[in-house]
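In: can you look at this prediction? I've put the sequence above it.
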Amino acid sequence: MKPENYFNKYHCIYGISYKYEFGEWHGYSTKFDNLEKAYDWLYTEEYDFRTRELVSKTRAKEYSFIHSWQL
């Protein structure tokens, strides 16, 4: 999925940020209504070097270990 295509179709996109530490997955998701802000978030490094991705709502829900506050 290209983020631009998903955003143009649904007018939003989801970001997930996760990390495996001490035997558990930890992460969060957030919803973006602006593609430029989503890319800014994607390319901003977090303090603990998490993995970040822009994904669809369906894909974000697949990550059950993530606290999905905005899904």
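Out: Ah, there it is.
In: strands of the chain, start to end?
Out: 13-21, 24-32, 51-55 (DSSP state E).
In: okay, those strands in a markdown table with mean neighbour count next?
Out: Where you see a C-beta, it was placed from the backbone N, CA and C, and this is true even at glycine. Formatted as a markdown table, these follow (neighbours: other CB atoms under 10 Å):
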| stretch | mean neighbour count |
| --- | --- |
| strand 13-21 | 18 |
| strand 24-32 | 16 |
| strand 51-55 | 16 |
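In: which of those strands sits closest to residue 3?
Out: strand 51-55 (4.5 Å; CB to CB).
In: next, the angle strand 24-32 makes with that closest one.
Out: 40 degrees (axes from the mean of the first three to the mean of the last three CA atoms, to 10 degrees).
In: who are the packing partners of strand 51-55?
Out: Here strand 51-55 touches strand 13-21, helix 35-42, going by 3 or more CB pairs under 8 Å, 6 or more residues apart in numbering; DSSP states H and E.
In: pLDDT value on residue 70, please?
Out: pLDDT for residue 70: 50.
In: with residue 65 instead?
Out: 60.
In: repeat for residue 23
Out: Residue 23 carries a pLDDT value of 86.
In: count of residues packed around it?
Out: 5 (other CB atoms under 10 Å).
In: got the phi/psi numbers for it?
Out: The phi/psi pair for residue 23 (degrees, to the nearest 10) reads phi 80, psi 10.
In: just for this protein, where's the confidence low?
Out: Applying pLDDT under 70 to the chain flags the ranges 64-71.
In: residue closest to the middle of it?
Out: For the chain, residue 15 is the residue whose C-alpha lies nearest the centre (CA atoms, centre = their mean; 1.7 Å).
In: enumerate every residue touching it.
Out: 29-32, 38, 41-42, 52-55 (CB atoms under 8 Å, 6 or more residues apart in numbering).
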